[in-house]
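Build me a model:
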Amino acid sequence: MSFLDPTWTGLLYLVAAALFILALMGLNSPRTARRGNLVGAAGAALGVVTVFLSARLDNIPWILGAIAVGSAVAAPVARRVKMTQMPQLVAAFNGVGGGAAALVALLELAHTGDAWVRLAIAFTLLVGAVSFAGSAITFAKLQELMTTRPVVFRGLPVIMAAVLLAAVGAAVAVVLTGSLPLALALLVLGLAAGVLLVLPVGGADVPIVISLLNAFTGLAVAASGLVLGNVLLLVAGTLVGASGTILTRAMAAAMGRSVAGILFGAFRGGSTAGSTAVSERPVRSSSAEDVAVLLGYAQRVIIVPGYGLAVAQGQHTAAELAKALQLRGIQVDFAIHPVAGRMPGHMNVLLAEANVPYEELKEMTEINSEFKTADVALVVGANDVVNPAAKTSSGSPIFGMPILEVADARQVVFLKRSMRPGFAGIENELLYEPQTTLLFGDAKDSLTKVLGAVKAL
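A predicted model of the protein is given here:
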């Protein structure tokens, strides 16, 4: 039985949709991101409760059991995941959402004879399957269950084109006939397309593809809203699809690349690919005490955080070092590159967790002109986002990517675990410049030693 009439159902759906929009607005800033997440969760909970109260549902025990199992799996995983593994979690969520939308569409095929609904079903099957399979590959790459380098083999473009053409043909056939076997074939072709789409992507491009697949999942969910006649699914899916598309374009722009170049650049050697090559050229290394002297007697210090800081979980030590320097009257800011880490806002969230004031987190466009006034640029676990090859080497996979202009500082100190290149797999010539000093070791350990030496000055 139904407890809500259509008027109340529509009103509650409208409230839930408004909460989703407010959630997206909150996610625009690290200061309001947590509240935005809570608002979005409230909207999702309201939508689920409204469905239970407004629809005539069969097999309610099975539905509640599935919700319980999903919650029992998801809650502990989400609570325990490290910041460095957040992109993998996002990829997993993307995949599950796309796969669920595809399965729902497949089940609904037997219950409709409307060609327009079949069109929405075919679209959901294809896009949802692409999102599921592609997200699985991005998860495996980021988790290093497989190589992070682009996987390209002879004939891949031809195979990809053939799979996509076959998928379009199967989709047309599903719309015309409503055949379940053809729908299953479309599902399999979508899975194959998702794998082939992501295999050629490597290195730093993978998080951008996660964002693109997030947009795909949103479109699949929106189409499933048409299939089920559920307005809230349509609105929520459209919001996810639009925001995912905007984010993908913003990340691609921050990398100085096109989305097409990211997806298909490996065919012409233009995709970022990790490398294990280590240079034998000499560099100037130093001790924690010497670095502390450089920092402790500076007037202006700019700290550049990167993925290495996140891996070492050194954000609290970095924040404590900044406070220790500020107590000495030194101006300290953190320079944030849009794609530092493995996802947009990664460094902002990491440093906010360590209670670094938002006013000290300066975006690239704001801070770049200030490096010329800095006595020391302290680069902690970053490489590609400060690599001058992005401006000087036309053959570099990161050529054209805007970078943080740390080379303009009077002294540059790199905290690195080793001389291994970043995800782009290319050397950073800045490491060999006369104004550059390297302090080798785990980022957190190195920061702890430097902090102790600063306090002892």
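
so what pLDDT did the closest residue to residue 445 other than its chain neighbours get?
Leaving out its chain neighbours, the residue that sits closest to residue 445 by Cβ to Cβ, 6 or more residues apart in numbering is residue 312, at 7.6 Å. (Glycine included, C-beta is placed from N, CA and C.) With respect to pLDDT, residue 312 has a value of 86.

Tell me which residues touch residue 312, please.
Taking Cβ atoms under 8 Å, 6 or more residues apart in numbering as the contact definition, residue 312 lies against 381, 442, 443, 444, 445.

Derive a ChimeraX selection command for the buried subset of these.
Once 16 or more other Cβ atoms under 10 Å is used to decide burial, the buried members of those can be selected in ChimeraX as follows:
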select :381,442,443,444
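
Columns distance to residue 237 on top of the contacts of residue 312, output as a markdown table?
Rendered in a markdown table, the data for the contacts of residue 312 read as follows (distance: Cβ to Cβ, whole Å):
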| residue | distance to residue 237 |
| --- | --- |
| 381 | 37 |
| 442 | 43 |
| 443 | 40 |
| 444 | 41 |
| 445 | 46 |
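
Out of the helices and strands in this protein, which is least certain?
Among the helices and strands of the chain, helix 259-264 carries the lowest confidence by mean pLDDT, DSSP states H and E, at a mean of 74.

Report the buried residues of the helix or strand just after that helix.
Heading C-terminal from helix 259-264, the first helix or strand you meet, by DSSP states H and E, is helix 288-296. Residues of helix 288-296 classed as buried under the neighbour-count rule (16+ other Cβ under 10 Å) are 288, 291, 292, 294, 295, 296.

wouldn't residue 335 be in contact with residue 303 here?
Yes. Applying Cβ atoms under 8 Å as the test, residue 335 and residue 303 come out as touching, 7.1 Å apart.

which residues touch stretch 95-104?
Where contact means Cβ under 8 Å, 6+ apart, the residues beyond stretch 95-104 that reach it are 124-125, 127-136, 139, 187, 190, 213, 216-217, 220-221, 223-224, 227-228.

Tell me which of these fall in helices.
When DSSP state H is applied, the contacts of stretch 95-104 are split such that 124-125, 127-136, 139, 187, 190, 213, 216-217, 220-221, 223-224, 227-228 fall in helices.

Quick check on residue 375: phi, psi?
Geometry field for residue 375 lists phi and psi as phi -80, psi -40, criterion degrees, to the nearest 10.

For it, list the residues it contacts.
Taking Cβ under 8 Å, 6+ apart as the criterion, residue 375 is in contact with 294, 298, 299, 300, 301, 409, 410, 411.

name the element the residue nearest the centre of the chain belongs to?
In the chain, the C-alpha closest to the average C-alpha coordinate belongs to residue 343, at a distance of 3.5 Å (Cα atoms, centre = their mean). Taking DSSP H and E as the definition, one finds residue 343 inside no helix or strand.

Quick one, which of the contacts of residue 375 are buried?
Of all the contacts of residue 375 considered here, the ones buried according to neighbour count by 16+ other Cβ under 10 Å are 294, 298, 300, 301, 409, 411.

follow-up on the earlier one: so which of the contacts of residue 375 belong to strands?
Using DSSP state E to define strands, the subset of those located there is 300, 301, 411.

tell me which of those is nearest to residue 372?
Looking at the ones in strands among the contacts of residue 375 and their distance to residue 372, the nearest is residue 300, at 10.1 Å (Cβ to Cβ).

Any figure for the gap between the closest one and residue 377?
10 Å (Cβ to Cβ, to the nearest Å).

chain center to stretch 20-31: distance?
When C-alpha coordinates are averaged (Cα atoms, centre = their mean, to the nearest Å), stretch 20-31 and its chain have centres 16 Å apart.
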